[in-house]
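> Pasting the sequence and the predicted model now:
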Amino acid sequence: MTKKIFVCSAIAATILFTGCASKDAGVANNATKAPAPVAAPAPVAAPAPVAEVNPIEAAQGKIKTVLFDFDKFNIRTDMQPIAEENAKVVGDKSVESAKIKLEGNADERGTDEYNYALGLKRAESVKAAYEAKGVNASRVSTVSLGEGNPVCKESNEDCWAKNRRVDTKLN
């Protein structure tokens, strides 16, 4: 096997270093040389097509979660600006054809029935805030997911605080 590699390498080196035969430098060439052919210019790549931005997807990326206090369904003072900004996003003309779904959520504490009702009240609070900012009520639906859709699954206050929320979905 080593012999074959050595022989192949020797042949390849011989071909590489031998090259083409050149003219004898002592022979005069009175003929005019033809100009070297000009290479065709390299093709220019067409610009990449610009991906169309779906306004509904773009708007969805701007929407933030509205968080709530324990056992409460009124929008917290620090969440008011977020609800107002969300209302501007979903109320924009570019997404007026989109339906808005508000998903109310609760933390794991409390009964299933209680958490379901609390999630629905939270979603209704956000709906009222959106309507107050001019969003058409016929576009908005509310649903409660109760404690069934946690974003955090640990059993501590930091985690529970993340689960007490309303998510806005456009479709």
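Okay, I see it.
> quick one, strands of the protein?
For the chain, the strands identified by DSSP state E occupy 66-67, 100-105, 140-146, 165-170, in order along the chain.
> right, and those strands - which one's nearest residue 115?
strand 140-146 (4.1 Å; CB to CB). From N, CA and C alone the C-beta is placed, and that goes for glycine too.
> CA-only coordinates of that closest one in CSV, if you can.
Listed in CSV are the C-alpha atoms of strand 140-146, where the atom choice follows Å, rounded to 0.1, in the frame of the first residue of the first chain:
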residue,chain,number,x,y,z
VAL,A,140,-60.8,40.7,20.5
SER,A,141,-61.6,37.4,22.1
THR,A,142,-60.7,36.3,25.6
VAL,A,143,-59.8,32.8,26.9
SER,A,144,-58.5,31.5,30.2
LEU,A,145,-55.9,28.9,30.4
GLY,A,146,-56.0,28.9,34.2
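> how long is stretch 98-114 end to end?
Start and end residues of stretch 98-114 are separated by 31 Å (CA to CA, to the nearest Å).
> One more: stretch 140-151?
Length of stretch 140-151, first residue to last, CA to CA: 23 Å.
> hey, which helix is longest across the chain?
Counting by DSSP state H, the longest helix found in the chain is helix 112-132.
> how much distance is there from that helix to the middle of the chain?
Averaging C-alpha positions (CA atoms, centre = their mean, to the nearest Å) puts helix 112-132 28 Å from its chain's average.
> which residues are contacting that helix?
Outside helix 112-132, the residues that touch it by CB atoms under 8 Å, 6 or more residues apart in numbering are 66, 68, 71, 73-75, 80, 83-84, 86-87, 90-91, 100, 102-110, 137, 140, 142-147, 164-166, 168.
> how does it look with 6 Å?
For helix 112-132, contacts defined as CB atoms under 6 Å, 6 or more residues apart in numbering pick out 66, 68, 73, 75, 83, 87, 102, 104-106, 137, 140, 142, 144-147, 166.
> I'd like to know which of those are buried.
66, 68, 73, 75, 83, 87, 102, 104-106, 140, 142, 144-147, 166 (16 or more other CB atoms under 10 Å).
> Next, the angle from the longest helix of the chain to strand 100-105.
For helix 112-132 against strand 100-105, the angle by axes from the mean of the first three to the mean of the last three CA atoms, to 10 degrees is 140 degrees.
> Next, the buried residues of helix 112-132.
With the criterion 16+ other CB under 10 Å, helix 112-132 contains buried residues 115-127, 129-130.
> Same list (the strands of the chain) but as a markdown table, adding distance to residue 152 and mean pLDDT.
Putting the strands of the chain into a markdown table (distance: least, CB to CB, whole Å; pLDDT from 0 to 100) gives the following:
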| stretch | distance to residue 152 | mean pLDDT |
| --- | --- | --- |
| strand 66-67 | 12 | 98 |
| strand 100-105 | 11 | 98 |
| strand 140-146 | 14 | 98 |
| strand 165-170 | 10 | 98 |
